[in-house]
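*Asks:* Structure, please.
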Amino acid sequence: MYATHRVTLAVFATLATMGCGTSQGGTTQPMVNELDQYFVGTQVIRLPDGSERAGGSVVAHHERRPNERTVMEEVVIRDTNGAVESRAMLLEIDASDSHFTVRPIEGGDVAGEGDFTGEPWNWTARHIQTQLADGTMVVTDDVLSATDLSSEARVVGADGTTAMVIRQVLTRVSRERYEQERDAIQIREAAGQDRP
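*Replies:* The predicted structure is shown next:
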């Protein structure tokens, strides 16, 4: 079977590059020139038999770099067994301002491409396909509101069958809150705790 936290990193590593959301009244609101974005949340995994289980905690930092036409993303996931893994990715935005290519950083094995929906650098949705070195494909659809980021990703094995669906709900937070959550994950890992 698939290493769940490895697959969910592939999902989230390309999850949150959108830059603004929609208020409850439906109007677009800029995120006050915040090129750095911070998120915390959880994920749920649905298996082929229809059963669901908690997938663990997620923290992420994304740095939009319009002058370089890239987005750098770092994510840490702690699964329900206590395993912690982090990954860094780079999204390269092409001249259309809507299509991008995913490149791994620091020896990662995830690659892919996708398309944004919405105003350039203030995207509100995206569809993306990434692929792991073993042939596993992850097809993800993301939507960003003013406060939340939601995602549903279908994980497809090399044989073409759906192995799982991963749903993530993340909340945009301050840098301080992100750092607290990230540090707590790392402290629990160092202490060898196996419960979130």
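*Asks:* now the strands: where do they sit in the protein?
*Replies:* Secondary structure of the chain (DSSP state E): strands at 21-22, 28-29, 36-46, 52-65, 70-78, 84-93, 99-105, 111-119, 122-131, 137-144, 148-156, 162-172.
*Asks:* What pairs with the fourth one, parallel or antiparallel?
*Replies:* Going back to what we said before, that points to strand 52-65. Strand 52-65 sits in its sheet next to strand 36-46 (antiparallel), strand 70-78 (antiparallel), going by DSSP bridges.
*Asks:* what angle separates it from strand 122-131?
*Replies:* Counting by axes from the mean of the first three to the mean of the last three CA atoms, to 10 degrees, strand 52-65 lies at 120 degrees to strand 122-131.
*Asks:* what do you get for the fifth one?
*Replies:* Between the direction of strand 70-78 and that of strand 122-131, the angle (the same axes, to 10 degrees) works out to 70 degrees.
*Asks:* do the same with the last one
*Replies:* Between strand 162-172 and strand 122-131, the angle comes out at 150 degrees (the same axes, to 10 degrees).
*Asks:* Within the sheet, what are the partner strands of strand 162-172, with directions?
*Replies:* Partners of strand 162-172 in the sheet, by DSSP bridges, are strand 36-46 (antiparallel), strand 148-156 (antiparallel).
*Asks:* would you list the ones you listed in TSV and tack on distance to residue 57?
*Replies:* Just so you know, the C-beta spots here come from the backbone N, C-alpha and C atoms, and that holds for glycine as well. Output for the strands paired with strand 162-172, formatted as TSV (distance: least, CB to CB, whole Å):
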stretch	distance to residue 57
strand 36-46	6
strand 148-156	15
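*Asks:* Under the pLDDT cut-off, which ranges of the chain? List them.
*Replies:* Residue ranges of the chain with pLDDT under 70: 1-34, 107-108, 188-196.
*Asks:* change it to 80
*Replies:* Applying pLDDT under 80 to the chain picks out residues 1-34, 106-110, 146, 186-196.
*Asks:* Looking at it, which helix is longest?
*Replies:* When the chain is parsed with DSSP state H, its longest helix is helix 175-191.
*Asks:* Contacts made by that one with the rest, please.
*Replies:* The contact list for helix 175-191 (CB atoms under 8 Å, 6 or more residues apart in numbering) reads 36, 38-40, 57, 59-61, 76, 78, 82, 84, 173, 196.
*Asks:* So what angle separates the directions of it and strand 84-93?
*Replies:* Put simply, helix 175-191 runs at 140 degrees to strand 84-93, going by the same axes, to 10 degrees.
*Asks:* Only alpha carbons, please: show helix 175-191 as PDB.
*Replies:* C-alpha atoms of helix 175-191 as PDB (Å, rounded to 0.1, in the frame of the first residue of the first chain):
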ATOM      1  CA  ARG A 175       3.200  33.500  11.300                       C
ATOM      2  CA  GLU A 176       3.300  33.100  15.100                       C
ATOM      3  CA  ARG A 177       0.600  30.500  15.200                       C
ATOM      4  CA  TYR A 178       2.200  28.600  12.300                       C
ATOM      5  CA  GLU A 179       5.500  28.500  14.100                       C
ATOM      6  CA  GLN A 180       3.800  27.400  17.400                       C
ATOM      7  CA  GLU A 181       2.100  24.500  15.600                       C
ATOM      8  CA  ARG A 182       5.200  23.500  13.600                       C
ATOM      9  CA  ASP A 183       7.400  23.600  16.700                       C
ATOM     10  CA  ALA A 184       4.800  21.400  18.600                       C
ATOM     11  CA  ILE A 185       4.900  18.800  15.900                       C
ATOM     12  CA  GLN A 186       8.700  18.700  15.900                       C
ATOM     13  CA  ILE A 187       8.800  18.600  19.700                       C
ATOM     14  CA  ARG A 188       6.400  15.600  19.800                       C
ATOM     15  CA  GLU A 189       8.500  13.900  17.100                       C
ATOM     16  CA  ALA A 190      11.700  14.400  19.100                       C
ATOM     17  CA  ALA A 191      10.100  13.000  22.200                       C
END
